[in-house]
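Asks: Sequence and predicted structure, then a few things I'm wondering about:
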Amino acid sequence: MTPTRLLRILRLLLPGLVTFIAVLLTVLPLGIPFAAVVTPFLSLMAVYYWSIYRPDLLPPAAVFVLGVLQDMLTGGPVGLLALVLLLVQALAVSQRRILLGQAFSVEWAGLLLVVAGAGAVSWTLASVYYLALVPPVPFVVQALITVALYPLGSWLFARVARVTAGVE
Amino acid sequence: MEHLNSSGGKVGRLAAPLRILFNRFAFLLMVGASVTLLGLSRAGYTPIESARVLVLDYAAPVLDVISRPVAAVNALFAEIGTLMTIYADNERLTLENERLHAWQAEARQLAQENAAFRGLLRAQPEPGMTFVSARVVGDSGGPFVRTLMLNAGGEDGVRKGEAVVNGDGLVGRVVEAGNRSSRVLLLTDLNSRVPVVLEQSRLRAVLEGDNTDVLRLSFLTDLDEIEIGDRVMTSGHGGIFPAGIPVGAVAAIEGDNVWVAPLVAFGKLEFVRVLRFDFPELEPVLEPDLPAAVGAGEAAGAAGK
């Protein structure tokens, strides 16, 4: 394998790697008073971003594996976040033609809708899973933090996306 | 190389509709897999539990390494914070120390008195307790569950079901134990149920979490006797937790709902202790060396328990 090819493969793996880091950061004890209770849904941000800009580099199988990993790391119902992230991906990919080339505010508004939908779906799934009405407040808090942090996330993902530009 | 590239491009062009079809199929397949996993997880399918423990065991050392710089930065900020209040802290601690000296004298006297009474009553000694200290390497962060990951597991003596405490009080209990890591279900988790007793009224209740920062008392018999500020501690019923671990204090009473503020700051946990507590009933009954006159009766009583 030539060094150029190896480099190319590494660049292809970057979106998956970034999402993997997002999953790990979610379970890291950061000690920030506010974020300690509920951390932002970083992997959702990553899946949303890559579904718009490079859907070819984050296939459904990768989203599934990363979702299951996050489920297992957090100790929640296995398969729940995998399902939610897959739905996020499907939604973002279906709307990417509308979102591409628009101002950032449109991308941000799109995320707001996706986060709201993901929150509603995960709350419903969790309530069915535990056969109890799970308190909805933490879901709302997580959605708000996620939306608030997205500009920063998007900016960071854009740096990585430059590296992957032109790679197929 | 040139040839490879051109042929690759051609295949890519031809396969575009196929690729979309394949992606759609892959998506449905993955959704199906997620739903299946959810069902199996709900049913408590053992391989999923084992996979979870395996992931925990592999992830814990990695998280252990990454979380150290984070902890160091946090410690630095905390130190800067304490520098600001060092004078006030000193004053407060001096006063507290004086008060504690008085308490210490009283505690010594009570301990002696207690030992004397126990001797008179031939009371069963409380089971011995040892502990394993562990570092918190991860917390769940999601809105569904409240769990922690520890860097100690079966090899260090941590077993499923053991109580986890820190200097302030009860943190939770071990729900999964890998070889070198374990998972703790916090008191605040939706699925956490702890049998407790109120210090003043001696009322028994069950402390429930609901994924928020406050806890709720349920199965209370007499609401009138409860006062705000009443301390709550483990009752030892059910045999999961040792009795007398402080948990929190009654913070609010709203109709039938009694809310308890926990003593532990769950967001700032760094080190915890896992208590190894051997419940007396689970131990094989050993014949004690008792004086012959009372031996028979005592031994029968113990065996009947």
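Replies: Thanks, I have the structure now.
Asks: just the helices in the chain please.
Replies: Defaulting to chain A. Ranges of helices in chain A, per DSSP state H, are A:3-27, A:42-53, A:60-74, A:80-94, A:96-99, A:104-130, A:137-164.
Asks: My question was about chain B, not that one.
Replies: Taking DSSP H, the helices of chain B run over residues B:2-14, B:16-42, B:46-84, B:86-121, B:292-304.
Asks: what would those helices look like in JSON lines with distance to A:Phe104?
Replies: C-beta here means a position set from N, CA and C on the backbone, and glycine is covered the same way. Shown next, in JSON lines, are the helices of chain B (distance: least, C-beta to C-beta, whole Å):
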{"stretch": "helix B:2-14", "distance to A:Phe104": "30"}
{"stretch": "helix B:16-42", "distance to A:Phe104": "27"}
{"stretch": "helix B:46-84", "distance to A:Phe104": "29"}
{"stretch": "helix B:86-121", "distance to A:Phe104": "46"}
{"stretch": "helix B:292-304", "distance to A:Phe104": "74"}
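Asks: Nearest to B:Val258, out of those?
Replies: Proximity to B:Val258 (C-beta to C-beta) singles out helix B:86-121 among the helices of chain B, at 28.6 Å.
Asks: Can you list the helices and strands that the closest one packs against?
Replies: Helix B:86-121 makes packing contacts with no helix or strand when contacts are defined by 3 or more C-beta pairs under 8 Å, 6 or more residues apart in numbering or on different chains; DSSP states H and E.
Asks: Taking their axis directions, it and helix B:46-84 sit at what angle?
Replies: Angle of helix B:86-121 versus helix B:46-84, following axes from the mean of the first three to the mean of the last three C-alpha atoms, to 10 degrees, is 130 degrees.
Asks: and helix B:86-121, how far from the chain's centre?
Replies: Centroid separation for helix B:86-121 versus its chain: 28 Å, with C-alpha atoms, centre = their mean, to the nearest Å.
Asks: which ones are touching the most centrally placed residue in chain A?
Replies: Geometric centre of chain A, nearest residue: A:Leu44, 1.9 Å, by C-alpha atoms, centre = their mean. Applying C-beta atoms under 8 Å, 6 or more residues apart in numbering or on different chains to A:Leu44 gives the contacts A:84-85, A:88, A:114-115, A:118, A:146.
Asks: From A:Trp108, how far off is it?
Replies: 14 Å (C-beta to C-beta, to the nearest Å).
Asks: ok, now B:Thr147?
Replies: Separation of B:Thr147 from A:Trp108 (C-beta to C-beta) stands at 31 Å.
Asks: Show me which of those two is the more surrounded one.
Replies: Neighbour count, other C-beta atoms under 10 Å in any protein chain shown: between B:Thr147 and A:Trp108, B:Thr147 has more, with 24 against 13.
Asks: what are the ranges of the strands in the stretch 151-300 of chain B?
Replies: Ranges of strands within the stretch 151-300 of chain B are B:163-165, B:170-177, B:182-186, B:193-198, B:204-209, B:215-218, B:231-234, B:246-254, B:257-262, B:271-277, based on DSSP state E, counting those that start in this stretch.
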